[in-house]
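Engineer: can't give you the sequence, but here's the structure:
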């Protein structure tokens, strides 16, 4: 792979408006191929697994372009990168022929233990160097373009010395990788940590954004939590519009992981995303 | 403070109840004063992790959950005792049976079958998700003696054998029946009644996945069938070799009875899809 991600990303395929493949929604998802351009899958839920899981993956592969969105790369961990995980990811991406793969700017394991959550890193120079080095390592081993997603986080980690957007920008520039921009996470963090979400967007390298996530969130006491369990709210759609008007992305995607509504409601949210995409970046409107 | 220390300390606070309680009470200081993380946020992350742990364990161990009083606290103790060591979330639940055996003497005194029940629920998931290559085989009707020396039975590659001291399938069936038909309070009474009535009964189960429906089956095996399955697993014998070794192993029984029993068993196992077919 060339070292110039931005140049290379221009040749990545345009995927359009997609949905996360979830077991509970799989049949309805497959039945609505004419309204969904592509699917994103959580690779940990499919890697080295058979039976109904493999059958679902095969059905998805037959009908849709697929990309993966991992939760356990643990790119910020100070443990060694898991060779079992990275090797398994390479084989899995080869199987589904995904144009890119992504994971989160966080750590999820340390001392060999997985906490199975997306845990915040200090926004520090040390963390920038550490994460960038590991992204390069992972990207080289896997051999496909890697996108890093901004997470929702609920605490400032000790040794934090820069803003979240500065942290994200420095990591992706240094690692020379892409961004999976989650506009709901920007919104959640902007409320919880009291910053202007548009300031975030204006200060990251938008030319590196390949994919966008949207989702709904919930509230727990005083904190907004990124649950993926509610409808997308208006300010998040507005952030999507703002980003699309200033970038040239390949894919936009809706995440819904719990508290599932009627599938027609999900299709309506996809239609809303599509209409925003149509006005801001007409090429993204693939199926309509 | 370097990144490694930060991650170590946060992990301790998020996943170790005692340390977290000390930290929240101001009795444990892992960071410099000016860098102390927000206690509310430490609690929030710990709670979010525990919700995930509880959801996972409830989904894999519904029968254990019905029996174990204060299941939730056992889940958290288990996760502290056996922290997840694999990227696949489900695998975090793998050691629950061993945890119950090693850490819960008072529970075992009351419910001695619990580790077997947990193993039964775990193995169902493991078989359901097993990534296997389905072996080549043909549907041979053994209607000619010559075929017995040529063909070998092909076992379902997802199969796992378990020898339990308690009739776990019956316990699970009754637990599910009582929770389906009774109100919560009646159901709890039924559960306690059931638990008291459980008697030891050694069983061998073959647990396997149907290739077509992906459904998991639990099949109780008699001693001859169990021996035959173990022989197929170990030696991949022809049908003829299998008949001979079984007759030799059960030398106190009449050979013709064993042959009749096995000839009756083979098609039944094929119907269940424990034997998939035959191969030369």
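Structural biologist: Great, that's in hand. Since this is a predicted model, take the numbers as computed values, not measurements.

Engineer: who touches the closest residue to chain B within chain A in this structure?
Structural biologist: Using CB to the nearest CB, the closest approach of chain A to chain B is made by residue A:155 at 3.2 Å. For every residue, glycine as well, the C-beta is placed using N, CA and C. Neighbouring residues of residue A:155 by CB atoms under 8 Å, 6 or more residues apart in numbering or on different chains: A:120, B:37-38, B:41-42, B:44-45.

Engineer: excluding its backbone neighbours, what's nearest it?
Structural biologist: residue B:41 (3.2 Å; CB to CB, 6 or more residues apart in numbering or on different chains).

Engineer: Please identify which helix or strand holds the one you found.
Structural biologist: Using DSSP states H and E, residue B:41 sits within helix B:39-60.

Engineer: could you say what helices and strands that helix packs with?
Structural biologist: Under the contact definition 3 or more CB pairs under 8 Å, 6 or more residues apart in numbering or on different chains; DSSP states H and E, helix B:39-60 sits against strand A:113-119, helix B:3-15, helix B:17-24, helix B:71-81, helix B:114-129.

Engineer: Pass me the low-pLDDT residue ranges in chain A, would you?
Structural biologist: Across chain A, residues meeting the criterion (pLDDT under 70) sit at A:1-3, A:287-288.

Engineer: Those residues of the stretch 151-288 of chain A touching chain B, which are they?
Structural biologist: A:154-159, A:220-221, A:223, A:225 (CB under 8 Å from any CB of the partner chain).

Engineer: go with 7 Å
Structural biologist: A:154-155, A:157-159, A:223 (CB under 7 Å from any CB of the partner chain).

Engineer: In helices, which of those residues fall?
Structural biologist: Among those, none falls in helices (DSSP state H).

Engineer: got TSV for these, with distance to residue B:121 too?
Structural biologist: Below are these laid out as TSV (distance: CB to CB, whole Å):
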residue	distance to residue B:121
A:154	33
A:155	36
A:157	38
A:158	41
A:159	43
A:223	35
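
Engineer: Which one (most neighbours) among those residues?
Structural biologist: Across these, neighbour numbers were computed from other CB atoms under 10 Å in any protein chain shown; residue A:154 holds the maximum, 23 neighbours.

Engineer: Mind listing what's buried along the helix holding residue B:41?
Structural biologist: Neighbour counts using 16 or more other CB atoms under 10 Å in any protein chain shown place B:41-46, B:48-50, B:52-54, B:56-57, B:60 of helix B:39-60 among the buried residues.

Engineer: Could I get the average pLDDT for it?
Structural biologist: Averaged over helix B:39-60, pLDDT sits at 97.

Engineer: next SSE after that helix?
Structural biologist: Using DSSP H and E, the helix or strand that follows helix B:39-60 towards the C-terminus is helix B:62-67.

Engineer: Run through the neighbouring helices and strands of that next one.
Structural biologist: Helix B:62-67 sits against helix B:114-129, helix B:168-181, helix B:184-197, with contacts defined as 3 or more CB pairs under 7 Å, 6 or more residues apart in numbering or on different chains; DSSP states H and E.

Engineer: so can I have TSV of those helices showing mean neighbour count, distance to chain A and mean pLDDT?
Structural biologist: Output for these, formatted as TSV (neighbours: other CB atoms under 10 Å in any protein chain shown; distance: least, CB to the nearest CB, whole Å; pLDDT from 0 to 100):
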stretch	mean neighbour count	distance to chain A	mean pLDDT
helix B:114-129	21	5	98
helix B:168-181	16	20	82
helix B:184-197	13	23	74
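
Engineer: Those: which one's closest to residue B:81?
Structural biologist: Nearest to residue B:81 among these is helix B:114-129 (13.9 Å), distances taken as CB to CB.

Engineer: near chain A, which residues of chain B?
Structural biologist: Listed as neighbours of chain A in chain B under the rule CB under 7 Å from any CB: B:1-4, B:6-8, B:10-11, B:14-15, B:31, B:35, B:37-38, B:41, B:44-45, B:48-49, B:52, B:83-89, B:92, B:128-132, B:209, B:214.

Engineer: what kind of secondary structure is the nearest residue to residue A:55 once chain neighbours are set aside in?
Structural biologist: What sits nearest to residue A:55 in space, not counting adjacent residues and going by CB to CB, 6+ apart, is residue B:214, at 6.7 Å. Following DSSP: H, G, I helix; E, B strand; the rest coil, we place residue B:214 in the coil state.
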